[in-house]
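**Student:** Sequence plus the predicted model coming up.
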Amino acid sequence: MRSDLGYALELDAVDPLAAFRDEFIIPEVQGREQVYFLGNSLGLQPKKTSIYLHQVLDQWARFGVEGFFMGEDPWLQYHDHLLKPLAEIVGALPAELVVMNQLTVNLHLMMVSFYRPGGKRKKIICEARAFPSDQYMFETHLISLGLNPDEELIEVGPRDGETTIRLDDILSAIHAAGEELALVLWGGVNYYTGQVFDLESITQAGHAVGAKVGFDLAHAAGNIKLELHSWNIDFACWCSYKYLNAGPGAIGAAFIHERYHKDETLHRFAGWWGYEKESRFKMEKGFKPVQSAEGWQLSTPSPLLYALHRSSLVVFAAAGFDNCLVKAQKMAAYHRFLLDHLLTDQPGKFEILTPAESMARGCQVSLLVKQGGRTLFDQLTRQGIFADWREPNVIRVAPVPLYNRYEEIWRFVQVLGS
Ligand SMILES: Cc1ncc(COP(=O)(O)O)c(C=O)c1O
């Protein structure tokens, strides 16, 4: 590898996914395309999004409520369009997915089914300083069950003086909680450090002590390689506005392993949209769930939100998610090379918080800036580089394979250096 601009341009010239950038609307300031490294926050809008959206609006205009049954894409079956491409991205069977609600809502719903405290088995293991919404979810959910969050939540964090969490410490905590452990609910990728967790090992450890295991995949879905089905994960939830580019406040999704689809012992909060499809409109008493993850659906979903999601899944399907992962890995290796190079020239100016092995698996890179972090961040913005600032001194960037270029990584590191 080389650190000159020419090398970045060479990489872009041979990038098999380069053309997919043109599928997205790149934000501009004063007529110049921004370096948009915020795919971990809100993914960019595919150009075809408005076409898919208008198709639904059009159908509504032409058929009114009959749009559920008529037109090019009757809304009653619209959900089916999302399942196959999404299943490829998260490594699930299509029947194990339901696209519904939003992330925090879905976490609560999954807790209803998979957190059944009883006897001495009541504890939950989670990340220390998990994303605030998850913390509030745990707190209020436990209180609603008459439990004390301070007693039942076991938070595992980095050791003193360290910034990331050791897998061994997670596994030891699971082992130590043993028969008292009801649930492990962990993140796929830490939002602050970009650390990618070993979901399979965590799942195996949780199951070995008889606990259920679920994941918040907000920063993992559409970013890292996932095999939710074969890793035997019980459930997972994610939002679709980040790496999945489904728009601000996009519809979320949940994975529920197929072994639970017919399990009548599981509790759930139900609504009519999770009712057996053949007889849903008979509107009879007594809840009969669809025998798939769709049985966890509650309310009438919005075809408008489905359309936004679909427009991005179409791009993923055309590019091939495995190809995206290959490019993400190459970008990460190049990015690391440039950052290491810069650190050799300017030692101690910043620290790469994201472990090298996590960087090789996901898009996010978190940099801890030793001095003048905010000034540096403002300077990046002035130079047309959209990154993300986290107090007190962290800059997060996430070059993504579908619309970012190697040249942009080069520019970012240039500005960082200067
Ligand atoms: C890790 C994580 N969990 C939960 C949430 C909350 O998601 P929502 O607002 O869709 O419920 C976010 C939002 O960014 C997140 O990053």
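**Tutor:** Happy to help now that I have it. Keep in mind that this is a model prediction, so the values were computed, not measured.
**Student:** My read is that residue 215 contacts residue 196, right?
**Tutor:** No: counting by Cβ atoms under 8 Å, residue 215 does not reach residue 196; the two are 11.8 Å apart. No exception for glycine: its C-beta is placed from N, CA and C like everyone else's.
**Student:** Which one's more surrounded, the two?
**Tutor:** For residue 215 and residue 196, the more surrounded residue by other Cβ atoms under 10 Å is residue 215, and the numbers stand at 28 against 25.
**Student:** Does residue 170 lie in a helix or a strand, and which?
**Tutor:** Per DSSP states H and E: residue 170 is located in helix 167-177.
**Student:** Go ahead and produce PDB holding the CA coordinates of that helix.
**Tutor:** Provided in PDB are the C-alpha atoms of helix 167-177 (Å, rounded to 0.1, in the frame of the first residue of the first chain):
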ATOM      1  CA  LEU A 167     -14.600 -11.300  25.400                       C
ATOM      2  CA  ASP A 168     -13.200 -13.300  28.300                       C
ATOM      3  CA  ASP A 169     -14.800 -10.900  30.700                       C
ATOM      4  CA  ILE A 170     -18.200 -11.200  29.100                       C
ATOM      5  CA  LEU A 171     -18.000 -15.000  29.000                       C
ATOM      6  CA  SER A 172     -16.800 -15.100  32.700                       C
ATOM      7  CA  ALA A 173     -19.700 -12.900  33.800                       C
ATOM      8  CA  ILE A 174     -22.100 -15.200  32.000                       C
ATOM      9  CA  HIS A 175     -20.500 -18.300  33.600                       C
ATOM     10  CA  ALA A 176     -20.500 -16.600  37.100                       C
ATOM     11  CA  ALA A 177     -24.200 -15.600  36.900                       C
END
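**Student:** ok, residues contacting it?
**Tutor:** 123, 125, 154, 156, 159, 181, 184, 186, 197-198, 201-202, 205-206, 208-209, 211 (Cβ atoms under 8 Å, 6 or more residues apart in numbering).
**Student:** what's the following helix or strand after the longest helix seen in the chain?
**Tutor:** Longest among the helix segments of the chain by residue count, using DSSP state H, is helix 321-345. Using DSSP H and E, the next helix or strand after helix 321-345 towards the C-terminus is strand 350-352.
**Student:** Give me the average confidence score over stretch 86-94.
**Tutor:** Stretch 86-94 shows a mean pLDDT of 98.
**Student:** got a list of contacts for the helix or strand hosting residue 86?
**Tutor:** According to DSSP H and E, residue 86 maps onto helix 78-90. Around helix 78-90, the neighbours that count as contacts under Cβ under 8 Å, 6+ apart are 73, 92-99, 217, 221-222, 226, 228, 236, 238, 244, 253, 255, 294, 301, 303, 306-307, 309-310, 313-314, 316-317, 321.
**Student:** any residues in contact with both of residue 215 and residue 196?
**Tutor:** What both residue 215 and residue 196 touch, as defined by Cβ under 8 Å, 6+ apart, is the set residue 188.
**Student:** tell me what the helix or strand harbouring residue 316 is packed against?
**Tutor:** Using DSSP H and E, residue 316 sits within helix 303-319. Where contact means 3 or more Cβ pairs under 8 Å, 6 or more residues apart in numbering; DSSP states H and E, helix 303-319 is packed against helix 49-63, helix 78-90.
**Student:** out of those, which comes closest to the ligand?
**Tutor:** helix 78-90 (15.4 Å; Cβ to the nearest ligand atom).
**Student:** Tell me the buried residues in that closest one?
**Tutor:** Going by neighbour count (16 or more other Cβ atoms under 10 Å), the buried part of helix 78-90 is 78-79, 81-83, 85-90.
**Student:** now stretch 297-313
**Tutor:** For stretch 297-313, by 16+ other Cβ under 10 Å, it's 297-298, 301, 303, 305-313.
**Student:** Is there any residue in that stretch that contacts the ligand?
**Tutor:** No: interface with the ligand: stretch 297-313 contributes nothing (Cβ under 6 Å from any ligand atom), its closest point being 12.2 Å away.
**Student:** Could I get the CA-only coordinates of that stretch as PDB?
**Tutor:** C-alpha atoms of stretch 297-313 as PDB (Å, rounded to 0.1, in the frame of the first residue of the first chain):
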ATOM      1  CA  GLN A 297     -46.300  -8.100  14.400                       C
ATOM      2  CA  LEU A 298     -49.000  -6.000  16.200                       C
ATOM      3  CA  SER A 299     -50.300  -3.000  14.200                       C
ATOM      4  CA  THR A 300     -51.000  -2.200  10.600                       C
ATOM      5  CA  PRO A 301     -47.600  -1.500   9.100                       C
ATOM      6  CA  SER A 302     -47.000   1.500   6.900                       C
ATOM      7  CA  PRO A 303     -46.400   0.600   3.200                       C
ATOM      8  CA  LEU A 304     -44.700   4.000   2.900                       C
ATOM      9  CA  LEU A 305     -42.000   2.900   5.400                       C
ATOM     10  CA  TYR A 306     -41.800  -0.400   3.700                       C
ATOM     11  CA  ALA A 307     -41.200   1.300   0.400                       C
ATOM     12  CA  LEU A 308     -38.300   3.400   1.800                       C
ATOM     13  CA  HIS A 309     -36.700   0.200   3.100                       C
ATOM     14  CA  ARG A 310     -37.300  -1.700  -0.100                       C
ATOM     15  CA  SER A 311     -35.600   0.900  -2.200                       C
ATOM     16  CA  SER A 312     -32.400   0.400  -0.300                       C
ATOM     17  CA  LEU A 313     -32.600  -3.400  -0.100                       C
END
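**Student:** Perfect, I'm done here.
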